[in-house]
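Student: here is a sequence together with a model predicted from it:
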Amino acid sequence: MSEITQAIKARQTQILQLQSDIKTLQSAASVLGGKTTATAPPKTKAKRKRRKKATKAKAAPPKATQKRKRATWSAADKAAISKRMKAYWAKRRKEKAKAKG
C-alpha cells in the first residue's frame with residue numbers, strides 16, 4: 001500500500017473514533033442536562049449532489065459570453081515547472097530511501 005492510502009485509512013479510522021466519541025458525549029450530555037443536543041448529522045454526498053442538481057435546474061442558463069479563458073503556459077514556463085517537479089520528486093525519493101535504511 002502506498003503512504004497516501006495508509007494515511008487515508010488512518011484518518012478514516014480517526015474520524016470513526018471521533019464520531020463515536022461525539023455520540024457518547026451527546027448521550028451523556030442529554031442524560032446530565034435533560035436536554036437533547038441539536039446537531040444535525042453530516043450530509044452525505046448523495047444528498048449534496050441532489051441538491052446541486054435541483055438548484056442548477058432553477059438557475060437561469062449561463063450566457064455564452066461569460067466563458068472563462070484558461071491561462072496558457074509558455075514553453076519556458078512548462079520547462080521550469082518540469083525541472084522543479086523533477087527535483088522535488090528526486091528529493092522525496094532520497095528522503096524515503098534514507099528513512100528505510
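Tutor: Received the coordinates, thanks. Remember, predicted model here, so these are calculated numbers, not experimental data.
Student: show me where the protein has its helices.
Tutor: 3-33, 45-58, 75-100 (DSSP state H).
Student: of those helices, which shows the lowest average pLDDT?
Tutor: Among these, helix 45-58 has the lowest mean pLDDT, at a mean of 61.
Student: mind putting the helices of the chain into a markdown table with mean neighbour count?
Tutor: C-beta: built from backbone N, CA, C; applies to glycine. Compiled in a markdown table, the helices of the chain are given as follows (neighbours: other Cβ atoms under 10 Å):
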| stretch | mean neighbour count |
| --- | --- |
| helix 3-33 | 10 |
| helix 45-58 | 9 |
| helix 75-100 | 10 |
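Student: which among the ones you listed is found nearest to Arg68?
Tutor: helix 45-58 (17.9 Å; Cβ to Cβ).
Student: alpha carbons of stretch 8-27, as PDB, please.
Tutor: Extracted in PDB, the C-alpha atoms of stretch 8-27 (Å, rounded to 0.1, in the frame of the first residue of the first chain):
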ATOM      1  CA  ILE A   8      -6.300   8.000   4.300                       C
ATOM      2  CA  LYS A   9      -7.200   4.800   6.200                       C
ATOM      3  CA  ALA A  10      -5.600   6.200   9.400                       C
ATOM      4  CA  ARG A  11      -7.700   9.400   9.000                       C
ATOM      5  CA  GLN A  12     -10.900   7.500   8.300                       C
ATOM      6  CA  THR A  13     -10.400   5.400  11.500                       C
ATOM      7  CA  GLN A  14      -9.800   8.600  13.400                       C
ATOM      8  CA  ILE A  15     -13.000  10.100  12.000                       C
ATOM      9  CA  LEU A  16     -15.000   7.000  13.000                       C
ATOM     10  CA  GLN A  17     -13.500   7.100  16.500                       C
ATOM     11  CA  LEU A  18     -14.300  10.800  16.900                       C
ATOM     12  CA  GLN A  19     -17.900  10.300  15.600                       C
ATOM     13  CA  SER A  20     -18.300   7.500  18.200                       C
ATOM     14  CA  ASP A  21     -16.900   9.800  20.900                       C
ATOM     15  CA  ILE A  22     -19.300  12.600  19.900                       C
ATOM     16  CA  LYS A  23     -22.300  10.300  20.100                       C
ATOM     17  CA  THR A  24     -21.200   9.100  23.600                       C
ATOM     18  CA  LEU A  25     -20.700  12.700  24.800                       C
ATOM     19  CA  GLN A  26     -24.100  13.800  23.400                       C
ATOM     20  CA  SER A  27     -25.900  11.000  25.100                       C
END
